[in-house]
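1. just coords:
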């Protein structure tokens with residue numbers, strides 16, 4: 001059931017009233033950086049009266065509520081008492097003001113792909129589901145596009161490509177572009193154009209007090225929004241730089257190897273695709289996974305190589321991996337907007353489905369592979385899926401990106417701290433929930449991967465991309481040097497002193 005301003009709302013949530021209690025240990029809703037443990041009775045009729053005629057409010061048990069609260073990972077998800085679907089920025093602002101008045105937490109959601117465990121702190125709050133804010137409008141000069149806060153990567157990529165344009169977007173069609181961009185925004189185009197945050201021209205944002213503002217290079221918040229934006233507001237639309245499509249086609253080849261090739265694969269990547277060697281038009285992704293049709297017992301290693309503007313990989317690149325004697329090779333030619341199909345990241349693919357699985361990620365960002373560590377990872381993966389078959393749908397995913405466009409931007413120009421890294425480990429431990437013992441095994445598996453990768457770097461400090469974060473990372477791991485964290489804390493104190501946006505990698 002959905003409700004709007006046009007409908008009378010009568011005693012919707014009487015069962016909530018019984019739960020409208022505050023814990024005796026509550027330190028107070030208005031204490032800086034504290035998330036409330038109050039569960040107030042919400043006057044839904046009043047909220048509906050404040051919203052535009054077509055804004056929607058979903059109550060628990062309705063189809064809209066179920067759809068709106070369904071997440072990619074079921075593990076440590078936020079709990080929601082009400083889902084609001086705004087139709088414009090004023091609806092977002094009014095919902096925040098309403099939540100503040102009723103001392104209710106709130107949480108913005110695009111497609112629900114965030115897995116960081118800090119989200120579980122949002123208890124019985126209002127979800128602001130940006131599903132209807134999906135517009136993509138190209139400027140007359142063709143240099144920018146205004147992208148709605150709820151726009152999917154698929155929507156943006158296909159709309160722009162049809163107009164001969166492209167934006168710095170990620171692989172996965174089902175992820176919301178803005179949510180991913182606020183943490184940095186990795187992309188197959190970053191070698192040429194930089195990260196997604198480097199494309200921001202301005203951000204139309206609702207702040208913690210419900211005020212609406214435009215954040216651009218003249219705003220002190222612009223720096224913080226580029227890498228830590230989840231902490232400062234809800235972006236209802238963003239003006240992005242867009243680029244002409246230079247080449248229609250991309251060459252794609254997938255090489256599949258048996259476990260015996262681990263050392264050869266990663267030595268070849270070190271020898272041929274270091275950050276200072278990898279061409280801006282070549283992107284590599286690596287996956288350890290179990291493919292029963294290839295080997296029912298042992299994981300394989302898949303190396304995906306993508307090159308822009310080619311009908312086939314340049315021989316110099318193809319030979320690197322062909323010489324390692326792959327078990328199988330798959331070659332395709334795809335336009336930019338269809339690459340997610342061959343990458344198995346399109347909207348219809350299994351990884352995009354929200355079917356109640358738990359996903360764990362303990363990421364690491366590095367500069368070079370430790371070959372011995374890669375062997376240790378392979379053995380860990382093999383031993384784990386044999387001992388715990390419920391985890392055999394897991395993968396160790398590695399994004400290996402070019403850096404020219406990323407490093408052309410001054411590191412101090414944005415809160416994002418990892419411009420010196422080009423390899424992103426994103427282990428994805430996937431399983432159907434089946435009790436705490438399986439959770440413990442998944443946690444052990446995931447965290448052990450992180451330990452092995454970090455040890456192999458020889459560095460004292462770990463480094464993690466915030467969009468892949470698990471939730472137990474320190475602020476230096478996510479946001480870098482002390483000066484960055486100090487600056488972020490100062491801005492947090494100024495713009496969100498009560499921690500209203502403390503549910504995604506909070507700066508506390």
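-> Happy to help now that I have it. Remember, predicted model here, so these are calculated numbers, not experimental data.

2. How far away from the center of its chain is stretch 202-211?
-> 21 Å (C-alpha atoms, centre = their mean, to the nearest Å).

3. likewise stretch 377-389?
-> Centroid separation between stretch 377-389 and its chain, computed with C-alpha atoms, centre = their mean, is 26 Å.

4. for the stretch 1-150 of the chain, what spans make up the helices?
-> When assigned using DSSP state H, counting those that start in this stretch, the helices of the stretch 1-150 of the chain occupy the ranges 14-17, 44-50, 63-69, 89-101.

5. what about the stretch 351-500 of the chain, any weak spots by pLDDT?
-> Low-confidence segments of the stretch 351-500 of the chain, defined by pLDDT under 70, are absent.

6. For residue 408, find the nearest of the helices of the stretch 1-150 of the chain.
-> Closest approach to residue 408 among the helices of the stretch 1-150 of the chain is made by helix 89-101 (32.7 Å; C-beta to C-beta). Every residue, glycine included, has its C-beta placed from N, CA and C.

7. Just the buried positions in the closest one, please.
-> 89-100 (16 or more other C-beta atoms under 10 Å).

8. Out of the helices of the stretch 1-150 of the chain, which is closest to residue 155?
-> Using C-beta to C-beta and comparing those, the one that lies nearest residue 155 is helix 63-69, at 17.6 Å.

9. which other helices and strands contact that closest one?
-> Counting by 3 or more C-beta pairs under 8 Å, 6 or more residues apart in numbering; DSSP states H and E, the packing neighbours recorded for helix 63-69 are strand 56-58, strand 80-85, strand 125-129.

10. which one of those strands lies closest to residue 309?
-> strand 125-129 (38.6 Å).

11. avg pLDDT for the closest one?
-> Within the predicted structure, the mean pLDDT of strand 125-129 is 97.

12. Format the helices of the stretch 1-150 of the chain as a markdown table; extra columns: mean pLDDT.
-> Supplementary listing: those in a markdown table, determined by pLDDT from 0 to 100:
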| stretch | mean pLDDT |
| --- | --- |
| helix 14-17 | 30 |
| helix 44-50 | 94 |
| helix 63-69 | 94 |
| helix 89-101 | 97 |
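
13. quick one on the thing from earlier: output the helices and strands packed on helix 63-69 as a markdown table; include the columns mean neighbour count and distance to residue 313.
-> A markdown table is the format used below for these (neighbours: other C-beta atoms under 10 Å; distance: least, C-beta to C-beta, whole Å):
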| stretch | mean neighbour count | distance to residue 313 |
| --- | --- | --- |
| strand 56-58 | 24 | 48 |
| strand 80-85 | 24 | 44 |
| strand 125-129 | 24 | 42 |
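
14. Export the ones you listed as a markdown table, with columns for distance to residue 341.
-> What follows is the helices and strands packed on helix 63-69, written out as a markdown table (distance: least, C-beta to C-beta, whole Å):
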| stretch | distance to residue 341 |
| --- | --- |
| strand 56-58 | 32 |
| strand 80-85 | 29 |
| strand 125-129 | 27 |
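
15. Is the spatially closest residue to residue 216 that is not a sequence neighbour bridged to anything, and to what?
-> Taking C-beta to C-beta, 6 or more residues apart in numbering, and ignoring the residues beside it in sequence, residue 216 has residue 202 as its nearest neighbour in space, at 4.0 Å. In this structure, residue 202 has beta-bridge partners residue 216, residue 239, where bridges are defined by DSSP bridges.

16. Count the residues that sit near residue 202.
-> Applying other C-beta atoms under 10 Å, we find 18 other residues in the vicinity of residue 202.

17. how much space between it and residue 182?
-> Plainly put, residue 202 is 14 Å away from residue 182 if you go by C-beta to C-beta, to the nearest Å.

18. How about residue 394?
-> As judged by C-beta to C-beta, residue 394 and residue 182 stand 27 Å apart.

19. higher neighbour count, these two?
-> Relative neighbour count places residue 182 above the other of residue 394 and residue 182, with 30 against 26, counting by other C-beta under 10 Å.

20. Tell me the spacing between the closest residue to the more buried one other than its chain neighbours and residue 375.
-> Closest residue to residue 182 apart from its sequence neighbours, by C-beta to C-beta, 6+ apart: residue 229 at 3.3 Å. Distance from residue 229 to residue 375, counting by C-beta to C-beta: 38 Å.

21. Please verify my assumption that residue 378 contacts residue 288.
-> Yes: here residue 378 reaches residue 288: they are 6.3 Å apart, a contact under C-beta atoms under 8 Å.

22. any shared contact partners between the two?
-> Jointly contacting residue 378 and residue 288 under the rule C-beta atoms under 8 Å, 6 or more residues apart in numbering are 299, 301.

23. The closest residue to residue 142 other than its chain neighbours: neighbour count?
-> Nearest-residue entry for residue 142: residue 165, 6.6 Å, with adjacent residues in sequence omitted and distances by C-beta to C-beta, 6+ apart. Here the number of neighbours of residue 165 (other C-beta under 10 Å) works out to 19.

24. TSV for the helices of the stretch 1-150 of the chain, including distance to residue 116?
-> Listed next are the helices of the stretch 1-150 of the chain as TSV, based on distance: least, C-beta to C-beta, whole Å:
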stretch	distance to residue 116
helix 14-17	27
helix 44-50	28
helix 63-69	17
helix 89-101	21
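
25. Which one of the ones you listed lies nearest to residue 268?
-> Go through these one by one with C-beta to C-beta and the one that ends up closest to residue 268 is helix 63-69, at 44.8 Å.

26. what's in contact with that closest one?
-> Taking C-beta under 8 Å, 6+ apart as the criterion, the residues outside helix 63-69 that touch it are 1-2, 56, 58-59, 77, 80, 83, 85, 109, 112, 127, 129, 131.

27. Put together CSV for the residues you listed, with distance to residue 318 on each row.
-> Converted to CSV, the contacts of helix 63-69 look like this (distance: C-beta to C-beta, whole Å):
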residue, distance to residue 318
1, 56
2, 53
56, 51
58, 51
59, 56
77, 43
80, 49
83, 49
85, 48
109, 42
112, 38
127, 47
129, 45
131, 42
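
28. now, which of these sits nearest residue 445?
-> Residue 445 lies nearest to residue 77 out of those, by C-beta to C-beta, at 20.5 Å.

29. what residues are up against the spatially closest residue to residue 240 that is not a sequence neighbour?
-> Of all residues beyond its chain neighbours, the one nearest residue 240 is residue 199 (4.7 Å), with distances taken as C-beta to C-beta, 6+ apart. Residues in contact with residue 199 (C-beta under 8 Å, 6+ apart) are 167-168, 181, 185, 193, 240-242.
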